[in-house]
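In: Here is a sequence together with a model predicted from it:
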Amino acid sequence: MSAESANFGGLRVAAFESRRAEEMTRFIERFGGRPFVSASLREVALESNPDAIDFANRLMCGEIDVVVLMTGVGTRHLLAQVERHVDRTRFLNALSDVTTIVRGPKPLAVLREWEITPTHKAPEPNTWREILGLIDAGVVVANQVVGVQEYGKPNVSLTAGLEARGATVRTVKVYGYDFPLDTKPLEANLRRLAAGELDVVMFTSAHQVVNLARMAEQLGIGDAVRSGLERVVVASIGPTTSESLADNDIRVDVEPAHGKMGHLVQAAAEQSAQLIARRKAGGSPKLKAAAASASPGRAPQKSIAEDQGLQSAFALRAGSDKSAPWYDTPFMKACRREPCDVTPVWLMRQAGRYMPEYREVRAKTTFLELCKNPALCAEVMVTAVTRLGVDAAIIFSDLLPMLEPMGADLEFAHGEGPIIHNPIREARDVERFDEITSLETLQFVVDTVTMTRAALPGHIPVIGFAGAPFTLASYLIEGGGSRQYAHTKGFMYREPTAWHELMTKLARSVTLYLNGQIAGGAQAVQLFDSWVGCLGPDDYRRYVLPYVKQIVDGLTPGTPLIHFGAGNPILLPDIAEAGGAVIGIDWRTRLDAAWESVGHDRAVQGNLDPLVLLSTPEIVRARTREVLEQAGSRPGHIFNLGHGIVPQTPVDNVLACVDAVHAWKK
């Protein structure tokens, strides 16, 4: 939608903007809204700041190699605080001698006033992700000490990203926040919110959320304000503010592509009327979103299994929230087999070794360490989604880390893939492996979902996933990859009681694991049964189907499940019987024949041979169109590969595939 066509249509819009209230008011009026703009905070420089003095001394002694300046006012406060105790010229000379990164135009302008030319300027829209992207493009931080000038709220995502790239991070906070000197406009807006007299609320700073809660409690209307936030459209200026809102159980409906005031108002004007109409049409869904405070290095959160309010607390995130910006997107509509003008597309392993951006991140850490770093996992997936332009994002993780808390001694060996050093070979070995009853040890996966959800635009659905019981059991029994699955089948046939015990443990664990991801923010989940194709139909029905059905029956209601079993098309009717709103199809059969086999009461996903992507863009486009033609324009087709992208794949061929799907007219 263009700026000219975006319009609030007379909606009542409250905005919390501390410095440019008049400009914000004009923006809202320009887009047809009724503005109620108030400041919610003022910046207060720290009077006594020993951390700033320590930072300055370390910089002048050569103990800091890179300095990241996040804000203009913070840069000024930093100098004002240190020059009372150290020589100003010496400090500025030291700053000139190191690598400097400015987040945007404001710290850039301050440095220029001081006659310092920064080494690097983060590109638009100047968020922490652009800083990390700039570093990945050629700024060396591995084994370096990086000093970060913070403002009121520490940016844990930036710190985690820097540490994941091998840096030692020293942050210096130079100012905090307090209420504005005149609190009457703020109090008036809070009373409007509590009374249901607002339609849209816009936040332009992370700490505004804290101050609103403080003032609401002082006024004695805290619960009413929280209820008011559940009713209105909430717009956030950027990812740091969105994370703060999520940390305070407030849903974000709108986040612009660029973190600027004009972009925020335009995005809210474009989307608010439609969001409100959907919400009214869908009744009054419970909007409380208890997002986990997700950051590496933080103390473990309360386990999902212990959270008795799981279903209600995360009702917002389930796939049935009709008011959510992702609800009527092509991917979600396809999951429900609803008509859609375009075919949605996402690709298995869409963030992987074929992308240079992923290889740069992967070179700095082991695969298992990467899987356990939510900030990096979110980063690599957001990078892939942004570059490819796909319609959904599956979290970056792996099937096997969930086996570690069950008792598996897991290693991802270079050149060999995953190895389990204590495999199951006898019935008594099953006793060594425990059912997962708490997700405390897998909190990093839930955090990955939450951080990926927070980092993506609201209209991009997030897909969680897990391995299916048979595939996980095969890894545990084989100890790694296999061609014939001799140990697995032998155990399955020879020890039916122990097999039942193992599969039951896995089914219950997978159910908890997937529900935890749904609670963390996933709109759909996929069950990967990558190895089940080694079985025939009778064995599938006897040894596998009951346990998959147990998972399907135990999932959070309203969340679509994609059930993907690879390797044997003859199993498709049985896989469909086991359950799933969407049945994944591999490349070993035609899509039209597979859909007939599955039944047209299910959606399907697939099924281009991933090795077609090793050809040429012309061939990729032609073969992509063949799959789309086989779908016959029937509602319920999600385009995907028949398995994951292989590392040798040229990125241009992947782009050609995605573009061909989007260009296809039903």
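Out: Everything's here; your move. Quantities reported herein were computed from a predicted structural model and do not represent experimental measurements.
In: Now do the contacts for the residue positioned nearest the centre of the chain.
Out: In the chain, the C-alpha closest to the average C-alpha coordinate belongs to residue 452, at a distance of 0.8 Å (CA atoms, centre = their mean). Taking CB atoms under 8 Å, 6 or more residues apart in numbering as the definition of contact, the neighbours of residue 452 are 377, 378, 381, 382, 393, 395, 396, 462, 521. For every residue, glycine as well, the C-beta is placed using N, CA and C.
In: which residues does the third one contact?
Out: Contacts were defined as CB under 8 Å, 6+ apart; by that measure residue 381 touches 350, 351, 393, 394, 395, 396, 452.
In: Quick check: pLDDT value at it.
Out: The score at residue 381 is 95. That number is its pLDDT.
In: Use 108 as the first number for this chain going forward.
Out: Sure thing, new numbering starts at 108, so read that last one as residue 488.
In: separation between residue 736 and residue 760?
Out: Spatial separation of residue 736 from residue 760 under the definition CB to CB, to the nearest Å is 20 Å.
In: before we move on, the earlier item: now, which of the contacts of residue 559 lie within helices?
Out: Counted as lying in helices by DSSP state H, out of the contacts of residue 559, are 484, 485, 488, 489.
In: name the element residue 237 belongs to?
Out: Element membership for residue 237, per DSSP states H and E: helix 235-243.
In: Now do the contacts for the residue of the chain most remote from its centre.
Out: In the chain, counting by CA atoms, centre = their mean, residue 194 sits farthest out from the average C-alpha position, at 44.8 Å. Contact partners of residue 194, counting by CB under 8 Å, 6+ apart, are absent.
In: Let's see that with 10 Å instead.
Out: The neighbourhood of residue 194, defined by CB atoms under 10 Å, 6 or more residues apart in numbering, consists of 163, 167, 200, 201.
In: next one: residue 143
Out: Contacts for residue 143 (CB under 10 Å, 6+ apart) come out as 119-123, 132, 135, 292, 295-296, 299-300, 304-305, 307-308.
In: in the helix or strand harbouring it, what counts as buried?
Out: In the assignment (DSSP H and E), residue 143 maps to strand 141-145. Applying a neighbour-count criterion of 16 or more other CB atoms under 10 Å, one finds 142, 143, 144, 145 buried in strand 141-145.
In: Adjacent strands (with direction) for that strand?
Out: Sheet pairing here is set by DSSP bridges, and for strand 141-145 it gives strand 119-123 (parallel).
In: Tell me where the model's unsure across this protein.
Out: Low-confidence regions of the chain, defined here as pLDDT under 70, cover residues 108-112, 150, 152-153, 258-261, 282-284, 354, 385-427, 521-523, 773.
In: quick one on the thing from earlier: now, which of the contacts of residue 559 sits nearest residue 323?
Out: Minimum distance to residue 323 across the contacts of residue 559 is 25.4 Å, recorded for residue 628 (CB to CB).
In: could you say which helix or strand contains the closest residue to the closest one other than its chain neighbours?
Out: Distances taken as CB to CB, 6 or more residues apart in numbering place residue 560 nearest to residue 628, at 3.4 Å, with adjacent residues excluded. Take DSSP H and E as the rule and residue 560 turns out to sit in helix 550-562.
In: The host helix or strand of residue 254 - contacts with which helices or strands?
Out: With elements taken from DSSP H and E, the one containing residue 254 is strand 252-257. In terms of contact count using 3 or more CB pairs under 10 Å, 6 or more residues apart in numbering; DSSP states H and E, strand 252-257 is assigned the packing partners helix 157-167, strand 173-176, helix 179-189, strand 206-209, helix 235-243, helix 263-271, strand 275-280.
In: now with 8 Å?
Out: Using 3 or more CB pairs under 8 Å, 6 or more residues apart in numbering; DSSP states H and E as the contact test, the elements touching strand 252-257 are helix 157-167, strand 173-176, helix 179-189, helix 263-271, strand 275-280.
In: In a strand, residue 700, correct?
Out: No: looking at residue 700 with DSSP: H, G, I helix; E, B strand; the rest coil, it is helix, so not inside a strand.
In: That one: neighbour count?
Out: By the criterion of other CB atoms under 10 Å, residue 700 has 13 neighbours.
In: and what of residue 734?
Out: Here the number of neighbours of residue 734 (other CB under 10 Å) works out to 28.
In: surely it meets residue 715?
Out: Yes: counting by CB atoms under 8 Å, a contact exists between residue 734 and residue 715, whose distance comes to 5.3 Å.
In: and for these two, which residues touch both?
Out: residue 746.
In: And the helix or strand hosting residue 660, what's buried?
Out: In this structure, residue 660 is located in helix 652-661 according to DSSP H and E. Applying a neighbour-count criterion of 16+ other CB under 10 Å, one finds 652, 654, 655, 657, 658, 659 buried in helix 652-661.
In: ok, residues contacting that helix?
Out: Outside helix 652-661, the residues within contact range by CB under 8 Å, 6+ apart are 575-577, 610-611, 613-615, 617-618, 621-622, 634, 636, 668, 670, 681-682, 684-687.
In: ditto for stretch 580-593
Out: Contacts made with stretch 580-593 from outside it, assessed by CB under 8 Å, 6+ apart, are listed as 506-507, 510, 515, 523-528, 530-532, 540, 574, 594-595, 598, 606, 609-610, 613, 638, 641.
In: give me that answer again for 7 Å
Out: Among residues not part of stretch 580-593, those counted as contacts by CB atoms under 7 Å, 6 or more residues apart in numbering are 507, 510, 515, 524-527, 530-531, 540, 594-595, 598, 609-610, 613, 638, 641.
In: tell me which element residue 321 is part of?
Out: Of the helices and strands defined by DSSP H and E, residue 321 is found in helix 315-326.
In: what angle sits between that helix and strand 119-123?
Out: In terms of direction (axes from the mean of the first three to the mean of the last three CA atoms, to 10 degrees), helix 315-326 departs from strand 119-123 by 100 degrees.
In: tell me the phi and psi of residue 696?
Out: Dihedral pair for residue 696: phi -150, psi 160, per degrees, to the nearest 10.
In: Bridge partners for residue 145, pull those for me.
Out: Listed beta-bridge partners, residue 145: residue 123 (assigned using DSSP bridges).
In: My read is that it contacts residue 296, right?
Out: Yes: Residue 145 is within contact range of residue 296, at 4.7 Å (criterion: CB atoms under 7 Å).
In: Tell me how many other residues surround the nearest residue to residue 640 once chain neighbours are set aside.
Out: Computed as CB to CB, 6+ apart, the closest residue to residue 640 that is not its neighbour in sequence is residue 674, at 1.7 Å. Residue neighbour count, defined by other CB under 10 Å, stands at 15 for residue 674.
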